[in-house]
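Undergrad: Sequence isn't available, so here's the structure alone:
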Ligand code: NAD
């Protein structure tokens with residue numbers, strides 16, 4: 001049994017696809033500026049920051065660096081686009097669905113370009129980006145496109161002579177802050193439900209991997225979203241990110257990243273305007289990494305050796321270029337070791353022994369995290385008992401990393417607040433308004 005924060009392996013198209021595409025060689029970077037009001041801008045400060053290919057360590061390009069001044073401009077645009085009477089607010093719900101479908105079409109058309117960019121930016125294999133990330137993005141856009149005109153309230157029977165009903169309204173201007181490991185997918189998990197419900201957006205992609213998010217700017221414009229509905233501000237966390245989380249005119253922040261930064265985001269929300277916050281935070285999982293993460297993972301491997309775990313394989317860097325670490329397995333790990341307790345976020349597996357079901361459930365739950373868990377058994381009773389007892393946002397039985405646009409995803413405990421995907425995501429992007437009407441006539 002293990003927990004992870006889940007690389008996504010579902011959604012693969014038919015394996016018999018006749019011709020798998022190849023990445024584009026020498027892809028020219030077209031979009032490295034700030035996207036506000038459907039236009040490309042230089043940063044107010046005039047600063048840029050470099051973006052590297054982590055597989056080679058080579059610089060891909062410089063990107064305009066947004067900070068508070070640029071975030072202010074983006075929020076102003078998003079707020080104007082959300083005003084009553086704006087083209088976006090006047091659009092029928094079904095019209096929002098059509099725009100999301102159109103965006104899905106454009107992602108399909110540009111799938112090879114986006115997968116190539118994602119590969120350059122994250123270092124992940126091209127076919128993973130093409131088959132997993134892009135497929136997940138397209139399916140999520142289509143799923144929420146279908147929801148746009150099905151978001152409805154209730155008529156509630158109340159005492160005495162009143163008619164009472166609820167309406168689900170968009171929250172307003174939403175900030176979206178994303179991590180470096182699934183840059184486009186984590187963006188679409190936020191963008192699709194936010195737009196489906198009628199919100200506007202200010203997006204800050206991770207500074208390591210902003211290129212696919214920026215490319216989305218051109219597709220948003222081409223799809224026909226009105227200016228200001230989606231704005232993209234590439235920059236660093238403590239500057240551009242913090243400007244979003246502290247902003248008095250941002251009504252909600254959706255964040256995916258580390259638990260450490262998740263705590264800062266809640267603090268900023270409470271110190272500013274008590275904006276709504278949804279957090280998808282840490283767990284335990286393997287991934288492809290930059291220099292900082294590379295050093296951190298090697299430090300965890302050393303701690304495993306120092307604390308007495310047995311290194312079965314791996315345990316060191318591989319290759320002369322990039323930031324790769326050999327798949328690493330430790331046995332004889334006990335519950336108190338750092339490699340068992342903390343999120344490594346690298347390809348390091350710990351093997352822990354257990355004697356009974358009660359023992360393993362107690363120990364699995366003895367964690368600050370609760371994102372996902374899995375159990376493998378042919379005994380149905382055992383599988384269902386374990387699923388019920390685990391404190392985890394998702395439990396997989398005889399499978400792993402099976403994620404779908406239709407099913408909610410999120411964490412218990414310090415793995416986060418709120419849910420992305422599925423119908424549940426809609427509640428994170430809407431406010432419920434209760435309308436109560438006094439009737440002149442008494443009940444008959
Ligand atoms: P991170 O927390 O360092 O950064 C995430 C984002 O937050 C980046 O855009 C960063 O610029 C921004 N940020 C940093 N400091 C900020 C601040 N003070 N205010 C506002 N924004 C700030 O995470 P990362 O290294 O990019 O990603 C790895 C983490 O993401 C891991 O902990 C992993 O478990 C988690 N993750 C979780 C899920 C999930 O679905 N729960 C999915 C992917 C990744």
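TA: That came through fine. Worth saying up front: this structure is predicted, and the values here are computed from it rather than measured.
Undergrad: contacting residues around the residue nearest to the spatial centre of the chain?
TA: When CA atoms, centre = their mean is applied to the chain, the residue found nearest the centroid is residue 186 (2.8 Å). Contact analysis of residue 186 by CB atoms under 8 Å, 6 or more residues apart in numbering lists 178, 179, 256, 280. Any C-beta I mention is one placed from the backbone N, CA and C, and that applies to glycine too.
Undergrad: what's the answer for residue 78, then?
TA: Applying CB under 8 Å, 6+ apart, the residues near residue 78 are 173, 200, 201, 202, 228, 229, 231.
Undergrad: Quick check, pLDDT for it.
TA: At residue 78, the predicted lDDT confidence score is 98.
Undergrad: Give me the contact status of the strand or helix carrying it with the ligand.
TA: Per DSSP states H and E: residue 78 is located in helix 68-82. No - using CB under 6 Å from any ligand atom, helix 68-82 stays clear of the ligand, with a minimum separation of 10.7 Å.
Undergrad: correct me, but residue 326 touches residue 312?
TA: No - Residue 326 is not in contact with residue 312 according to CB atoms under 8 Å; the separation is 11.5 Å.
Undergrad: Backbone dihedrals for residue 157, please?
TA: Dihedral pair for residue 157: phi -70, psi 120, per degrees, to the nearest 10.
Undergrad: Skipping its backbone neighbours, what lies nearest it in space?
TA: residue 164 (7.8 Å; CB to CB, 6 or more residues apart in numbering).
Undergrad: Beyond the helix holding residue 78, next helix or strand please.
TA: Counting by DSSP H and E, the next helix or strand C-terminal to helix 68-82 is helix 87-90.
Undergrad: which other helices and strands contact that next one?
TA: Judged by 3 or more CB pairs under 8 Å, 6 or more residues apart in numbering; DSSP states H and E, the packing partners of helix 87-90 are helix 68-82.
Undergrad: if you set the cut-off to 10 Å instead, what comes out?
TA: Here helix 87-90 touches helix 68-82, helix 93-109, going by 3 or more CB pairs under 10 Å, 6 or more residues apart in numbering; DSSP states H and E.
Undergrad: Show me where the stretch 151-300 of the chain has its strands.
TA: Along the stretch 151-300 of the chain, the segments classed as strands by DSSP state E, counting those that start in this stretch run 155-156, 162-170, 173-177, 200-204, 230-232, 252-256, 276-280.
Undergrad: what does the shortest one contact?
TA: To tie it back to what came earlier, the one meant is strand 155-156. Under the criterion CB atoms under 10 Å, 6 or more residues apart in numbering, residues 162, 163, 164, 165, 166, 434, 435, 436 lie in contact with strand 155-156.
Undergrad: Given that strand, what are its sheet partners and their directions?
TA: strand 162-170 (antiparallel) (DSSP bridges).
Undergrad: Buried residues, the partner strand. List them.
TA: Across strand 162-170, burial judged by 16 or more other CB atoms under 10 Å covers 168, 170.
Undergrad: So what's the gap between that strand and the chain middle?
TA: 30 Å (CA atoms, centre = their mean, to the nearest Å).
Undergrad: who touches it?
TA: Residues from elsewhere that reach strand 162-170 (CB under 10 Å, 6+ apart): 82, 88-89, 96, 151-158, 194-200, 251-252, 426-427, 429-439, 443.
Undergrad: ok, now stretch 69-76?
TA: When contacts are defined by CB under 10 Å, 6+ apart, stretch 69-76 is touched by residues 34-37, 41-45, 64, 66, 173, 175, 200-204, 228, 230-235, 239-244, 246-250.
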